[in-house]
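Here's my sequence, what's the structure:
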Amino acid sequence: MENNQLQRKYSVFLGVILSGYNVADKLYGAVFIILMSLRGVDAFQISIVFAVSSLSMAVFDYPSGNLSDIYGRKRMTAAGFIVWGAGLWFFAAAEGLALFILASIVMSLGVSMISDSPQAWYIDQLEELGMPDYKKIALPRISGFVSAFAIVGALLGTVGSNIHYVLPVAIAGVLAVGLGVYTWLSFSDNYGSRTQSSILREIYASSADFARSTEMRFILLRSILTHTAMLAFLLSWQVYGVNELDFPVSALGLLLILFMGVISVSSFLVSYLAKKEVAAVRIIVCGTVISALGLLLVGLFPHKAVFIAGLLLFEFGLGMDMSSSGVWIQDFIPRAKRATFSSGLSALKSLAGFLITLILGIMAKNLGYAFIWCFAAASLLVSNIVLLYFNARYVRAGSIGDDQKTLVS
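Numbers count the residues shown, from 1 in each chain. So this is what the prediction gives:
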């Protein structure tokens, strides 16, 4: 009984900080481009801010995972929220390209410190309680609430921007710092292991362990393939909807809120299926096929109704994939390096995403958006082939370490 009570408290704690993070992120996301534009930053300069932010995130992400395992996952999360909040305030007050770049670097540092650390802390706390499998039910359910709060953040951002365009970013900064203090004061911390005398040697040793891991290589490959489809969607849906299908710009915000609602519903569905002991691989494959079908519909039938229906299918399948694969991956990551390996996957995916974005841009210009949608769908289907091969060749065949096997078959 006591363990169940603690598990519920840990779940609520994780839900609060992740939901709060999503609200702050959507508050910032509602106005950050228009804020830069109103302060004299042109479209090309905004793209520079984007590029610097992406690269700095990739640079900070991996070492932050090592530091999280060494100095404490909860402590790193708390410090990350405070740094991110300071970056948000800096961004709200910035004038000119140079200051916006500096602010984006500070924010990237804070976000990289937060990235994956709360989940690593939570999973280890469940293992301490002897309830490691409960994450398969709890994490998708938490993802459902987090997606629902993203809708709240988007709505608050819209309302706040009508009062003053700086207000949503300033509120996001206050919320981030508040979350940092709340995280710092709540519960005890947990740690990974340290095998080297210096931080640099520790990072090198962890990198070598990561590179030698067959599981991490397959998971990274699959992550890059699914990330390709996500990038294709992000780069194309607004431009395609407005320029090719004559959607009004005012409708895009409503569609975005609808997408987040669909992801929330699919996350709750994954939690229900996990409770019924449906295998994670089946859920992931099903979600990916649904997403691919949605993208194919959009690419093959240029019609407004098909566009909306196809993207709703894409988002629903995406929610299933993200909620289930995020838990499934954790079963292959050594407990002592949970934050390190999670951050490594995230950093390498970001670096690959930088190159993939450039390739997708060239494809869109020369081959058209119909090709992009179909290419993204093919990328998702290939990711299923990678997943099924990995599951058959290594998991079911028993070729991975006993401490990293997962009940996916």
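
close enough to count as contact, G157 and D25?
No - counting by Cβ atoms under 8 Å, G157 stays clear of D25, with 9.7 Å between them. Every residue, glycine included, has its C-beta placed from N, CA and C.

Tell me which of these two has more neighbours.
G157 (26 against 20; other Cβ atoms under 10 Å).

leaving aside the residues next to it on the chain, what's closest to G157?
Among residues not flanking G157 along the chain, A30 sits closest, at 2.7 Å (Cβ to Cβ, 6 or more residues apart in numbering).

how far away is F307 from V59?
37 Å (Cβ to Cβ, to the nearest Å).

more crowded one of the two?
For F307 versus V59, the count of surrounding residues by other Cβ under 10 Å is larger for F307: 22 against 17.

residue contacts, that one?
By Cβ atoms under 8 Å, 6 or more residues apart in numbering, F307 lies in contact with Y240, G241, L245, F247, V298.

mind running it again at 6 Å?
L245, V298 (Cβ atoms under 6 Å, 6 or more residues apart in numbering).

T158 too?
Residues near T158 by Cβ under 6 Å, 6+ apart: none.

Please, which helix or strand holds the closest residue in space to G29 that isn't next to it in sequence?
Spatial nearest neighbour of G29, excluding adjacent residues (Cβ to Cβ, 6+ apart): G157 at 6.9 Å. Using DSSP states H and E, G157 sits in helix 135-163.

and after that helix, which helix or strand comes next?
Next element after helix 135-163 (DSSP H and E): helix 167-185.

quick one on the thing from earlier: how far does the helix holding G157 sit from its chain's centre?
13 Å (Cα atoms, centre = their mean, to the nearest Å).

Kindly report the same for stretch 208-228.
With Cα atoms, centre = their mean, you get 16 Å for stretch 208-228.

again, but for stretch 295-313
Using Cα atoms, centre = their mean, the offset of stretch 295-313 from its chain centre is 24 Å.

how close does the residue nearest to G20 when sequence neighbours are not counted sit to L167?
Ranked by Cβ to Cβ, 6+ apart and with sequence neighbours excluded, the top spatial neighbour of G20 is L179, at 4.6 Å. L179 is 19 Å from L167, where distance means Cβ to Cβ.

do the same with S186
Counting by Cβ to Cβ, the gap from S186 to L167 is 28 Å.

before we move on, what about L351?
L351 is 34 Å from L167, by Cβ to Cβ.

Show me the domain layout of this protein.
2-192, 209-398 (automatic domain parsing).

pretty sure E215 is touching F332, no?
Yes - with contact defined as Cβ atoms under 6 Å, E215 reaches F332; the gap is 4.2 Å.

my guess is A78 contacts G180, does it?
Yes - with contacts counted by Cβ under 6 Å, A78 reaches G180, the gap being 4.8 Å.

before we move on, the earlier item: now the domains of the chain as a markdown table including distance to I199 and mean pLDDT?
What follows is the domains of the chain, written out as a markdown table (distance: least, Cβ to Cβ, whole Å; pLDDT from 0 to 100):
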| stretch | distance to I199 | mean pLDDT |
| --- | --- | --- |
| domain 2-192 | 7 | 88 |
| domain 209-398 | 12 | 88 |
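
Is it possible to get JSON lines of the ones you listed that adds distance to L200?
Below are the domains of the chain laid out as JSON lines (distance: least, Cβ to Cβ, whole Å):
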{"stretch": "domain 2-192", "distance to L200": "9"}
{"stretch": "domain 209-398", "distance to L200": "14"}
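
mind checking which of those is nearest S198?
When those are compared by Cβ to Cβ, domain 2-192 sits nearest S198, at 11.0 Å.

Show residues contacting stretch 209-226.
By Cβ under 6 Å, 6+ apart, stretch 209-226 touches 329, 332, 341, 344-345, 348-349, 352, 379, 382-383, 386-387, 390, 400.

What are the buried residues along that stretch?
209-210, 213, 215-216, 218-220, 222-226 (16 or more other Cβ atoms under 10 Å).

Looking at those, which are in helices?
Counting by DSSP state H, those place D209, F210, E215, M216, F218, I219, L220, R222, S223, I224, L225, T226 in helices.

Can you tell me which of those residues is nearest A138?
Of these, the one sitting nearest to A138 (Cβ to Cβ) turns out to be I219, at 21.1 Å.

how close does the closest one get to V395?
12 Å.

go on, V106?
Counting by Cβ to Cβ, the gap between V106 and V395 amounts to 41 Å.

Next: I70.
30 Å.

again, but for L318
23 Å.

do I101 as well
44 Å.
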